[in-house]
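> need coordinates for the below:
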Amino acid sequence: MKATDIKRYVGIVPRVKKTAKGEARPTLVAVMRDGAVVGEFELETEQDELDFVDSIFPNAWRKAAIGEDLAAFKPYHILYRKPFESEDTSIWPVKFTERTAKGEVIGVPDKVPEKFLGLEAGDVIAMCLGGSGDNFSFALSCRAEEIGAQVWRIPPFVLKELRGAEAKKDEDHKLLTMTAESYADKFYPVIVRDRDIIKVRETLRVRTDAMIARIGCEQRLRQRFIGQIFCSEAGLYPQGGLEKEFDAVKASDAILSALLTEEASALKEMTKAVEATEVYQKLLSTVTGLGPAIAARIISAVQDIRRFQKSSQLKKYMGAHVMDDGRFPRRRNNEIANWQPDARQALYLLADQFNRRPGTEWGDYLRKMKAEYRLRHPEKIQVEVPDPDNHGKIKKVWKYTDAHIHKMGSWRTISRFVEWLHAAWWRLEREGKAEVKTEAIPPATPPAE
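Residues are numbered from 1 along each chain as shown. Below is the predicted model:
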């Protein structure tokens, strides 16, 4: 789109529509035309967001005329009121009235939309990278390609710098419009490659939900089965053993069978989505031991590498950083564990895959790090540390055992892997479809432990 084709800048800040405490958090929208913000409004629900994409979001209402054909309006766009006393409600078709289960009319049409807002040809939608707005930006991008508009997104750290320390985040929707007009080079257009990554997040969520449902069903079946066996007065002890008998119960359960089918289908869709992404094809697939299942967690957690200006930011986000005292992070009492849990879990699984693959680039690097740590700490030692379960007391623990050295080497390897991922993924973004080299970054001196 040429600059002369741009008619409006629309800044959008997607938000969770309602907090856990019930506080309303609508999506904020600002519209700029000819250098001035000409309108602000809120999208209170996901339906409002979808209506905005389709350019049918109502922003003005009028009275519904008696006898008017309301079929031209979306059913949820019609506002209803309680009938007046002795009002003849039969003038309204049944489908355009609200009724109780017994057929009593409790609502008749009151107002219908008069004007609509939404995405238009020549629009530039300005949003922030990542977060809860991914699905919204996906839908906007698809529609924009059809009508001649564009969706731009800016890294959060860039927007933070432009916002300044004193400005409020509640004004970001207006700041986005002004930034898009004045600093277009700081934005990235949402293209097919970006939508592919958003698909990974959505398919991973579906697969995770299906897996949780299947596990829950298996647990309920097992508890019911065990209860029936132990609480049977007839002494129904299975001849083939509990586990064999339980396998037969699972095989014959229709609900579990359906959930297994759903999970398999979700895994297939997730794998397809992962393999379609450029970052997997050119980067992650080159890493031995990193398959679609782990890649889905990494891609979904990172969302967009352009959110992270430095590798240190990505390492801290994924829980692969080194703390100020030289320790690798883990959940400890009275310590903040603010990393992304799915990313951390993916890295843990990846370290295990590296350990199982000697003779590979990262497998050999892990072994090299373990050897260096062991050379530095040839013997295990016992040290005194604060006891988190007994405040004010200390306990003795062993350090530099084989298990400890293995963990040190694993997380040093993972930390180096995240540095490589940050550099390679950023290079991929800069070079577009150019080939990206995937050589590992030279090893650094292991941190103190």
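> using the three-state scheme, assign the residue in the chain sticking out farthest from the centre.
What lies farthest from the middle of the chain is residue 86; by C-alpha atoms, centre = their mean that is 53.1 Å. Here residue 86 is coil, with the state taken from DSSP: H, G, I helix; E, B strand; the rest coil.
> now do the same contact list for it.
Not one residue lies near residue 86 by C-beta atoms under 8 Å, 6 or more residues apart in numbering. Any C-beta I mention is one placed from the backbone N, CA and C, and that applies to glycine too.
> which helix or strand contains residue 222?
Using DSSP states H and E, residue 222 maps to helix 192-230.
> what distance separates the helix or strand just after that helix from the middle of the whole chain?
Using DSSP H and E, the helix or strand that follows helix 192-230 in sequence is helix 242-252. Centroid separation for helix 242-252 versus its chain: 36 Å, with C-alpha atoms, centre = their mean, to the nearest Å.
> now do helix 242-252, average pLDDT.
Model confidence over helix 242-252, given as mean pLDDT, is 87.
> same check on stretch 124-132?
87.
> who's in contact with that stretch?
By C-beta under 8 Å, 6+ apart, stretch 124-132 touches 1, 6, 8-16, 119, 133, 136-137, 140, 144, 149-156, 159, 172, 176-177, 179-180, 187-188, 303-304, 306-307.
> which of these are buried?
6, 8-15, 119, 133, 136-137, 140, 144, 149-156, 159, 172, 176-177, 179-180, 187-188, 303-304, 306-307 (16 or more other C-beta atoms under 10 Å).
> mind checking which of those are in helices?
136-137, 140, 144, 156, 159, 172, 176-177, 179-180 (DSSP state H).
> for the residues you listed, which one is nearest residue 209?
residue 136 (20.3 Å; C-beta to C-beta).
> could you measure from that closest one over to residue 119?
Note on residue 136: its distance to residue 119, by C-beta to C-beta, to the nearest Å, is 11 Å.
> distance to residue 321 and pLDDT for the ones in helices among the buried ones among the contacts of stretch 124-132 - can I get that in TSV?
TSV is the format used below for these (distance: C-beta to C-beta, whole Å; pLDDT from 0 to 100):
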residue	distance to residue 321	pLDDT
136	31	93
137	29	93
140	34	95
144	38	94
156	19	88
159	24	90
172	28	92
176	30	94
177	35	94
179	30	93
180	33	93
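> what two of those are the furthest from one another?
Pairwise distances across these peak at 21.8 Å for 144 and 156 (criterion: C-beta to C-beta).
> quick one, phi/psi of the residue farthest from the centre of the chain?
For residue 86, the backbone dihedrals (degrees, to the nearest 10) come out as phi 70, psi 10.
> ditto for residue 114
Dihedral pair for residue 114: phi -110, psi -40, per degrees, to the nearest 10.
> these two touch, right, it and residue 65?
No. Using C-beta atoms under 8 Å, residue 114 is not in contact with residue 65, being 11.9 Å away.
> next structured bit after the lowest-mean-pLDDT helix or strand in the chain?
Across the helices and strands of the chain, mean pLDDT, DSSP states H and E gives its lowest value to strand 381-386, namely a mean of 84. Downstream of strand 381-386, the first helix or strand assigned by DSSP H and E is strand 394-399.
> which strands and helices lie in contact with that next one?
strand 381-386 (3 or more C-beta pairs under 8 Å, 6 or more residues apart in numbering; DSSP states H and E).
> how far is the strand it packs on from where the chain is centred?
With C-alpha atoms, centre = their mean, you get 40 Å for strand 381-386.
> name every strand pairing with that strand and say which way it goes.
Paired strands of strand 381-386, with direction, are strand 394-399 (antiparallel) (DSSP bridges).
> strands of the protein, start to end?
Here the chain has its strands, by DSSP state E, at 8-13, 27-33, 36-43, 57-63, 79-81, 98-99, 105-117, 123-128, 150-154, 188-189, 381-386, 394-399.
> residues contacting the longest one, please?
Contacts of strand 105-117 from elsewhere in the structure, counted by C-beta under 8 Å, 6+ apart, are 41, 51-52, 55-64, 68, 70, 73, 77-83, 87, 89, 92, 96-100.
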